[in-house]
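Trainee: Sequence first, then the predicted structure, then my questions.
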Amino acid sequence: MKWITALALGAVLGFIVPLLFGGPNGVWMGSFASWGTIRPHAGSPGLLFSIPIAVGAAIIFRMFFNWHSR
């Protein structure tokens, strides 16, 4: 797997995972998981982006699929 593909999949997970746990008013922002999460602006529909989830998922996808293809 190339880095750009792994980063794209990680970015998708970086948006989806915080929203699955309640978004800006849910459990995600009330726990330690909010560290590294970009909060929305006042006029935003409530999207969150978790940088640690995105980067970690990209690294894991890259390692797993490179190992699996050999």
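Mentor: Perfect, I can see it now. Residues are numbered from 1 along each chain as shown.

Trainee: so the residue nearest to the spatial centre of the chain is in which element?
Mentor: Nearest to the mean C-alpha position of the chain, counting by CA atoms, centre = their mean, stands G14 at 1.5 Å. Secondary structure from DSSP states H and E places G14 in helix 3-20.

Trainee: Now tell me what touches that helix from outside.
Mentor: Contact partners of helix 3-20, identified using CB atoms under 8 Å, 6 or more residues apart in numbering, comprise 28-29, 33, 37, 46-51, 53-59, 61-62, 65. Placement of C-beta: from N, CA and C, glycine included.

Trainee: Give the partner strands of the helix or strand bottoming out on mean pLDDT in the chain in its sheet and their orientations.
Mentor: When the helices and strands of the chain are scored by mean pLDDT, DSSP states H and E, strand 37-38 comes last with a mean of 88. Using DSSP bridges, strand 37-38 pairs in its sheet with strand 49-50 (antiparallel).

Trainee: what is the rounded mean pLDDT of the partner strand?
Mentor: Strand 49-50 shows a mean pLDDT of 90.

Trainee: Pull the distance from it to the chain's centre.
Mentor: Put simply, strand 49-50 sits 5 Å off its chain's centre (CA atoms, centre = their mean, to the nearest Å).

Trainee: Next secondary structure after it?
Mentor: Note on strand 49-50: by DSSP H and E, the next helix or strand toward the C-terminus is helix 51-68.
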